[in-house]
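> Model the following, please.
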Amino acid sequence: MSTFANQLKTEIARIAKKEIKQETPSLKKSSAQYRSDIAALKRRVSALESLVGKLSKHSPQPVKVTDTNDSMPIRFRADGFASLRKKLSITAQEMGSLVGVTAQSILKWEHGKSKPRASQLQAIASVRKMGKRAVTERLEAAK
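Below you'll find the model as predicted:
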């Protein structure tokens, strides 16, 4: 009886190996296809992410924050901020002391490389409402 059982086991193993051999090439082929599809999708995602990064750098959008006192949003534009500083005839260092930041931050805002935070927008809005005399008085008081 044991020889019959051994023969049955070997025959089952042989048939199983034959079935596996037939299925393996199609699985390998589909696996390779999936890998190439995944690699292509990764390349496409990378290209799209870099494009989004480039587009976001080239088209700065104004920052809008609602003011607690008014219902009008506070907008920030780099060129408008630079013209405000020129209109008041003050340096970046002086504007920084009025707003509470460094001169380097002021220059980055003017060139559009960064944007002020919401708390800094409040200070910019208060400077926007001041005239030359008021700015000079405030700078003298700060010294």
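> how much space is there between the one residue sitting closest to the centre of the chain and Ser46?
The centroid of the chain falls nearest to Gly53 when counting by C-alpha atoms, centre = their mean (7.3 Å). Separation of Gly53 from Ser46 (C-beta to C-beta, to the nearest Å): 11 Å. In this view, the C-beta of every residue, glycine as well, is placed from N, C-alpha and C.
> excluding its backbone neighbours, what's nearest Ala125?
Ile74 (5.2 Å; C-beta to C-beta, 6 or more residues apart in numbering).
> Tell me if that neighbour really is in a helix.
No: looking at Ile74 with DSSP: H, G, I helix; E, B strand; the rest coil, it is strand, so not inside a helix.
> neighbours around it, how many?
18 (other C-beta atoms under 10 Å).
> and if you look at the one 10 residues further on?
Per other C-beta under 10 Å, the neighbour tally for Leu84 reads 17.
> Surely it and Lys129 touch.
No: if you go by C-beta atoms under 8 Å, Leu84 and Lys129 don't touch, sitting 10.7 Å apart.
> Could you list the domains of this structure?
When the chain is parsed with automatic domain parsing, its domains come out as 1-59, 63-142.
> Report the distance from the first one to the chain centre.
I take that to be domain 1-59. Domain 1-59 sits 34 Å away from the centroid of its parent chain (C-alpha atoms, centre = their mean, to the nearest Å).
> Repeat that for the longest one.
With C-alpha atoms, centre = their mean as the basis, domain 63-142 stands 25 Å off its chain's centre.
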